[in-house]
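> Output the structure for:
(one chain, ligands or ions: 1)
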Amino acid sequence: MPSYPTSRLRRPRLKAFSRDLVRESSLSVHDLIWTIILSDGDKARDPVSSLPGVDRINIDELVKDAKRAVKLGIPAIAMFPHINPALKDAVGSEALNPKGLVPEAIRAVKKAVPDLGIIVDVALDPYTDHGHDGVMQGDEIINDITVDALADGAIILAEAGADIVAPSDMMDGRVGAIRQNLDRHGHHNVLIMSYAAKYASGFYGPYRDAIGTSSALRGDKRTYQMDPSNSDEALREVAFDIEEGADMVMVKPGLPYLDIIQRVKSELSYPTYAFQVSGECAMIMAAAQNGWIDEKRVIMESLTCFKRAGCDGILTYFAPKVAEWLAE
Ligand code: PBG
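Here you go, the predicted structure:
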């Protein structure tokens, strides 16, 4: 490779047209999955104070946002429910209610905008009174009992019309169990996006506020979510999920884990997504609201970095404003 002065790396940077020509990755509206907090509370929109710019919304507002997503060209939304604490119990039975908040929301969105992709979490944490993603015996989250419940929950969501089910629980074997149960019920076209490498992260704080699990959560999730120190283990998690039938795999959180995204994409060559989680969004918004960083610039930069790392798409609370910026 020639070096200075034969080669001058600043030469292509000098003008906008040549910067455009040498750009290696770019963000499009098709990369965006809009994460939405749904609520069964009595307010139509209820701001989440630790997640500036994000509201918990009811089904009517959800339908409006779904129409907005279609207008903006966003391919899919991902929904997360805030459930009335009175409906929660130790095993998360409400996750199996075919008339629950999420199945009703799926039906409402499908009726209004049938072509918008709907992604829903398969997880027990919004429904358990202890806030964990599984069934507990003493202090232990019992893997196989939880997997059976998740596989049943996936059927309720598929039957309501979900396009993609996204197990976010990190139990062993859940992707295979969900795939088999979906197929057995005739839902062979329902996709699985697995939260394949999901870390036990402090960045989920505002999300737990949003869905109302933070005060209830007993202990932490380190016995099922991954240790932030590990990287090889993430590849094993992802490989298992692919083998069990995942169509798409996700790394979560996002920005602090770009190295994991890069390894997953380059070593497994599978559709790879990142979740820019609540804490990442809150940090950017807090600094922007203080005038310490430029909101638009930092958000666009963060999303472009996901693309550079190898993401095929990004789940983000910023999706609608980013789609608007991209359309400008
Ligand atoms: C739980 C779940 C979590 C998120 C999505 N699904 C958090 C957790 O594991 O406690 C986090 C989303 C975010 O922080 O934006 N099944």
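> What residues does A239 make contact with?
Taking CB atoms under 8 Å, 6 or more residues apart in numbering as the criterion, A239 is in contact with L268. The C-beta positions use only the backbone N, C-alpha and C, and glycine is treated the same way.
> what residues does this structure put near the ligand?
D121, A123, D125, D133, S168, D169, Y204, Y207, R208, K221, V277, S278 (CB under 6 Å from any ligand atom).
> Can you tell me which of the residues you listed is closest to Y195?
S168 (4.1 Å; CB to CB).
> Next, the nearest residue to the closest one once chain neighbours are set aside: secondary structure please.
In space, and not counting its chain neighbours, S168 is closest to Y195: 4.1 Å by CB to CB, 6 or more residues apart in numbering. When classified by DSSP: H, G, I helix; E, B strand; the rest coil, Y195 comes out as strand.
> Kindly state the beta-bridge partners for Y195.
Y195 forms beta bridges with M250, as assigned by DSSP bridges.
> Tell me the spacing between it and D125.
When distance is defined by CB to CB, to the nearest Å, Y195 is 12 Å away from D125.
> out of those two, which sits in the busier spot?
Y195 (28 against 25; other CB atoms under 10 Å).
> wait, what's in contact with that one?
Going by CB under 8 Å, 6+ apart, Y195 touches A166, P167, S168, D169, M170, M250, K252, F275.
> swap in I284?
I284 is in contact with I293, E295, V298, I299, S302, counting by CB under 8 Å, 6+ apart.
> Name the nearest of these relative to A149.
Nearest to A149 among these, with distances taken as CB to CB, is S302, at 35.0 Å.
> how about the nearest residue to the closest one, chain neighbours excluded?
L255 is the one closest to S302 (CB to CB, 6+ apart), at 6.0 Å.
> what about the one you found, neighbour count?
18.
> List the residues that contact it.
Taking CB under 8 Å, 6+ apart as the contact definition, L255 lies against Q276, E280, S302, C305, F306.
> low-confidence ranges in the protein?
Filtered on pLDDT under 70, the chain yields no residues whatsoever.
> in the stretch 201-328 of the chain, which spans are helices?
Remark: helices assigned in the stretch 201-328 of the chain by DSSP state H, counting those that start in this stretch are 205-211, 232-244, 258-268, 278-289, 295-309, 319-327.
> so which of these comes closest to D115?
With CB to CB as the criterion, D115 lies closest to helix 319-327 of the helices of the stretch 201-328 of the chain, at 15.9 Å.
> Which elements pack onto the closest one?
strand 32-39, helix 59-72, helix 295-309 (3 or more CB pairs under 8 Å, 6 or more residues apart in numbering; DSSP states H and E).
> contacting residues around the last one?
Identification of contacts with helix 295-309 by CB under 8 Å, 6+ apart yields 24-27, 31, 254-255, 258, 261-262, 265, 274, 276, 280, 284-285, 287-288, 314, 316, 318, 321-322, 325.
> what's the answer for stretch 125-136, then?
Here stretch 125-136 has contacts from 80-83, 85, 87-95, 123-124, 141-143, 145-146, 149, 168-171, 208, 211, 213-214, 216-218, 221, 224, using CB under 8 Å, 6+ apart.
> Which members of the residues you listed are positioned in strands?
When those are checked against strands (DSSP state E), the matches are F80, P81, H82, I141.
> from the helices and strands packed on helix 319-327, which stretch is densest packed?
Highest mean neighbour count among the helices and strands packed on helix 319-327 (mean count of other CB atoms under 10 Å): strand 32-39, with a mean of 25.
> Could you list every helix and strand that that one packs against?
For strand 32-39, the packing partners by 3+ CB pairs under 8 Å, 6+ apart come out as strand 55-57, helix 59-72, strand 76-82, helix 101-112, strand 313-316, helix 319-327.
> quick check, I118 in a strand?
Yes: counting by three-state DSSP, I118 falls inside a strand.
> my guess is it meets A108, correct?
No: with contact defined as CB atoms under 8 Å, I118 does not reach A108; the gap is 10.4 Å.
> chain center to stretch 66-81: distance?
When distances are taken as CA atoms, centre = their mean, to the nearest Å, stretch 66-81 is centred 13 Å away from the chain's centroid.
> Between the two ends of that stretch, what distance do you get?
Distance between the two ends of stretch 66-81: 16 Å, counting by CA to CA, to the nearest Å.
> how about the residue nearest to N84 when sequence neighbours are not counted, what does it touch?
Nearest residue to N84, sequence neighbours excluded (CB to CB, 6+ apart): D40, at 5.3 Å. Going by CB under 8 Å, 6+ apart, D40 touches N58, P81, H82, I83, N84, L87, L101.
> Nothing else from me, thank you.
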